[in-house]
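In: Based on what follows, work out the 3D shape:
(4 chains)
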Amino acid sequence: MTLKTEPFVVNIGPQHPSTHGVFRLRTTLDGEVIVDVEPIFGYLHRGIEKLAEERTYGGIIPLTDRLDYLASMSNNMGYCMAVEKLAGIEVPERAEYLRVILAELQRIASHLIGVGAFFNDLGAMMTPIVYMIREREKIVDLFEMLCGQRLTYNFMRFGGLSQDIPEEFLPALRKFLDQMPRFIDEYDQLLMDNEIVLARSKDVGVLPAETAINISASGPVLRGSGVKWDIRKADPYSVYDRFEFDIPTGTAGDAYDRYRVKVEEMRQSLRIIEQAVAQLPGGPFRSKVPFLVRPPVGEAYAHIESARGDLGFYLVSDNSIAPYRFHVRAPSLINLTALREMLIGWKVADAIIIFGSIDIVMGEVDR
Amino acid sequence: MNIVYHGIAVPDMKQLPPDWPGGFFWHWLVFTVIIFTFVFTLVMAFTWVERRGLGRMQSRLGPNRAGPFGILQPVADAIKVLLKEDIVPSRSDRIVHWLAPVVAFFPALLIFAVVPFQNGALLADLDIGILYVVAISSVSTVGIFMAGWGSSNKFSLLGAMRNVAAVVSYEMPLVLAVIGVVLIAGSLSMNQIVLAQDIPLILLQPLGFLIVFIAGCAEINRSPFDLMEADSEIVAGFHTEYSGMKFAMFYLVEYAEALALSAIIATLFLGGWRGPVLPPWLWLVIKVFAVFFLMVWTRTTLPRIRIDQLMALAWKFLFPLALINLAITGLQVVAWPDALPWTMIIVNFAIAAVLIVLWSRLFKVGWGRVEV
Amino acid sequence: MKFDHFGIGIAKGMAVTLKNLFRRPVTVQYPEQRLNTSRRIRGNELVWSKEKCTGCATCAKACPQGVINIETSANPDNNKYEVKKYEVDTGYCIFCALCVEACPFNALYMGYDYERARYRRGELVQSRDMMTETPEKHVSGYFFPDRAASLPLQTLLVEKITEEE
Amino acid sequence: MTAVLSPRNIADRLEKEFPGSIVSSDDNSFEMNSTFLVPAARFLKDTPGLDFDFLSYITGIDRYDHFELVYHLVSLKHNHSLTFKVRCYGRDNPSAPSLTPVWRGADFQEREIFDLLGVRFEGHPNLKRIVLWEGFDGHPLRKDFLG
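Out: Got it, this is the predicted structure:
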């Protein structure tokens, strides 16, 4: 006898504990199994690309903070690089090193939240995320020391940084660098070999390498699928070509690999920061840039490896004080392209963790 | 007249005064009041212990505002939740929605009728005590399914269906593991099981303890088996649509069930009220808290498992192990009734370890996808 | 045959949580315990120096949100602008401090205070008098390293988890 | 470093392969005739030596008299990149062929351009508004859009 079943539609989101913001998955379920998914975005659409067209180049920096609000420093850096490319602004060496240090700290902070939220989705009763927020707090403290805020840093400027680092920054960073590896080991002890974590996330939500490339995935999602592609190595910007670091990759492209890639990236980021602090030169932290930048007519595209992937800024200038067009290549949005086929066939519980393993930030998806 | 087992003299319960402390109705009244007080106080203590313990394990403090060390937090929570507006979804099945918390609540309370607080001090010394526990504890599921159905919410329904599946599956290994204890103690009566434990039965039945703990956690939906209210997946599961007083009832059920499981495990495996120096009831409370701490600890550490993995754990791991455990226990009781307890302890621990390691071969990853 | 996954990972994880049970908690009991904020804190108010301001309105031009409302009138006696109205709606302000950086005369500072929650939106508008620099008003060291040096050092979680009361 | 391939060379090769496909080319990018977009994209993706397997981004610019679509391609295999542009004319119903069948990464980006600029992508499997709701009037990123 076969049971007659009837699929039913469940809206996961927009208000749901695990949608990392306001996101809606319109799922069709057959019992617990997902038959069809339609991702629905736009609940956090603020029209940043349009707003930017009516602001001065400098006034857009605070807007970029609000794209990927877990990695504001990276966003600042990407945007400033695009404007510097467009207007031909030189960046002093000290500023480049400091930018690298900040971007890598930001990557650690963002991955901590990404991994923590992933385990929250796994149902780990807040424990991993609380531990990880504890360590992120130390990074946020360092950022607060630099720029006075804890989330929307607005710290980088065209041709450098807004201010030089205070003298108490480097000792505090030193302490953090000494402590952090121990804590990463502790997370691994807590989570890496846990049988439930393995059973839940290994071979779940597999994204094959060919599909990952075809959907233009980037960041940990692409590297988790085993593609060794990192903008820091492939297209080195700033002073990344002077540091030694590895690109961690996964093998299977499952949720577990994406988690492992993030943890290994934290270790590599610590390595980069160690080297950057050792090589940190003196000199000016900012070059002379006029109050209102007027880049020549033209266009420029600069991209960086942010915590979520290949974050690009495309600017078109018409020689006025505001950009003619400001486009963000948002890795979070593009990484979601294969969500549907990754989810179909899995159960509701898996859908949540697959979605969590992609690690998106709605501020960037919807802009 | 004493029953002798494993060299332990067990007094025959029939000689104890049957109606302490007086006539039947006095006995009934006193113990009803005691049970209500015990359950409500310990449920409050449990919520406090759970939140503080969880907090401290997560580098936080936990609630610490109401009263010293936040001890009055459960009271404050109770007042808040009782004063809240009761919201009933417009398309719900009102009667079912209203009845569900009541149906879920009373079985949890009824279990305590057979939990002995000290020798002979229990509401009803049933000869079939443990059978009664097993029978009555599953009735809560009906209430939970009523809640899931009656709220007319898809998340609630999913949660309720998960719960029914879990309870039906886990009843099997739970009962089989409990029978091992019954075999050793030679009685189904809770009081007699306690009296039979000159050494706590956890030492003689390590595998049985593990199975009862896991299966019990799954039945009462404690983490890592809290699928029915998996907050990251189905929001709050069956009580998504409940608020105010009715939600408080479910909250109470959750902790009363945890208390009941802790009390049963303490009685069956940890020697119940028995212990030196301290008064017996205090020993019971201490043991109950010890078991509950274990639950809080696993809840802090472990992520949630998936519904099909939950089923697989019950049928592929716990059920065969419980059967084997039962067979071995039966063999031991029949073949070597007078063997030295310490040799039996070592043998039983070794058997448990070997079985668990053998069954770990069944662990595999990446299954569960369905072609659609 | 390799035997793993028999619960060793779970046991390792349990050890970590137990270890954390005996660690000091990291949370701070905010109203009673306070941490020192950054010396460069961009607190949610602006402080304005009446003497230094020339009324050039560079701050208003730099503001990406357009919340700085400045009205000046020319004073023919000393050939200077007189600031008639200086108003910041901190309800719309995003505290990016671009105005502080833009001010060519160092007449604008970020405040050190971060507890300015109000019950009504209207009360968030900072008028000229509320913003004027006074000795009692703490000024953040944002963009002014010499001012920052006089402020207390920031409490860092890296250095100490929590402070004893 | 990701090598930027000379747009002129690529444009010449494309012109040879698909006569009439190139409108103009300069040092930064070349402009393609939109009718040849899909075959040219397949050519760029599948030709050995080019192997543009990664569509980095697509964006649209409102130039008043036409919409300019910018495509940025990267080859992960050879680590080189290429930018090209396509114009689509008309303000009422501008359209361009969809590249989603070639690179699925174009899916959400084309939907976004359709949503915000109103360029219709022919052949897109699911061309719906992505960030704004169905029935929203107008396309906000157009220069003449008044909120």
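
In: give the contact list for residue 218.
Out: I went with chain A, as the question did not name one. Counting by Cβ atoms under 8 Å, 6 or more residues apart in numbering or on different chains, residue A:218 touches A:229, A:231, A:308, A:309, A:310, A:331, A:334, A:335. (Each C-beta comes from the backbone N, C-alpha and C, glycine too.)

In: switch to chain B, that's the one I care about
Out: Neighbours of residue B:218 in contact, by Cβ under 8 Å, 6+ apart: B:166, B:169, B:170, B:225, B:310, B:313, B:314.

In: Among the contacts of residue A:218, which one lies nearest to chain C?
Out: Nearest to chain C, judged by Cβ to the nearest Cβ, of those is residue A:308 at 22.9 Å.

In: roughly how far apart are the closest one and residue A:262?
Out: 10 Å (Cβ to Cβ, to the nearest Å).

In: try residue B:251
Out: Relative to residue A:262, residue B:251 is positioned 36 Å away (Cβ to Cβ).

In: Which one's more surrounded, those two?
Out: Remark: of residue B:251 and residue A:262, residue A:262 carries more neighbours, 25 against 18, as counted by other Cβ atoms under 10 Å in any protein chain shown.

In: Report whether the more buried one is found in a helix, as I expect.
Out: Yes: membership of residue A:262 in a helix is supported by DSSP: H, G, I helix; E, B strand; the rest coil.

In: is it true that it touches residue A:223?
Out: No: judged on Cβ atoms under 8 Å, residue A:262 makes no contact with residue A:223 at a distance of 9.3 Å.

In: what about stretch D:30-39, start to end distance?
Out: End-to-end span of stretch D:30-39 (Cα to Cα, to the nearest Å): 16 Å.

In: and the residue in the stretch 101-250 of chain B positioned nearest to chain C, how many residues sit next to it?
Out: Closest residue of the stretch 101-250 of chain B to chain C, Cβ to the nearest Cβ: residue B:224 (9.1 Å). Residue B:224 has 25 neighbours, counted by other Cβ under 10 Å.

In: same check, this time on residue B:95
Out: 10.

In: Same question for the one 3 residues further on.
Out: Here the neighbour count serves as a burial measure; for residue B:98 (other Cβ under 10 Å) it reads 15.

In: Which ones among the contacts of residue A:218 map onto helices?
Out: A:231, A:331, A:334, A:335 (DSSP state H).

In: Check those for burial and list the buried ones.
Out: A:231, A:331, A:334, A:335 (16 or more other Cβ atoms under 10 Å in any protein chain shown).

In: Just the pLDDT for residue 22.
Out: Here I'm looking at chain A. We have a pLDDT of 85 for residue A:22.

In: was after chain D, sorry
Out: You'll see residue D:22 listed with a pLDDT of 80.

In: Next: residue A:270.
Out: At residue A:270, pLDDT is 91.

In: Spell out the secondary structure type for residue C:116.
Out: coil.

In: how many neighbours does the residue in chain D positioned nearest to chain A have?
Out: Proximity of chain D to chain A (Cβ to the nearest Cβ) peaks at residue D:105, 2.7 Å away. The local packing of residue D:105 (other Cβ under 10 Å) involves 26 other residues.

In: how near is the closest residue to it other than its chain neighbours to residue D:106?
Out: Of all residues not flanking residue D:105 in the chain, residue A:216 sits nearest, at 2.7 Å (Cβ to Cβ, 6 or more residues apart in numbering or on different chains). For residue A:216, the distance to residue D:106 equals 8 Å [Cβ to Cβ].

In: what comes up buried for stretch A:344-364?
Out: A:344, A:346-364.

In: now stretch C:22-41
Out: Buried positions in stretch C:22-41, judged by neighbour count with 16+ other Cβ under 10 Å: C:25, C:26, C:27, C:28, C:37, C:38, C:39, C:40, C:41.

In: Run through those and flag the ones next to chain B.
Out: Near chain B, judged by Cβ under 8 Å from any Cβ of the partner chain, the entries from those are C:25, C:26, C:27.

In: rewinding a little: got the contacts of residue A:218 as CSV, with distance to residue B:296 columns?
Out: Formatted as CSV, the contacts of residue A:218 follow (distance: Cβ to Cβ, whole Å):
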residue, distance to residue B:296
A:229, 44
A:231, 45
A:308, 35
A:309, 39
A:310, 43
A:331, 39
A:334, 42
A:335, 37
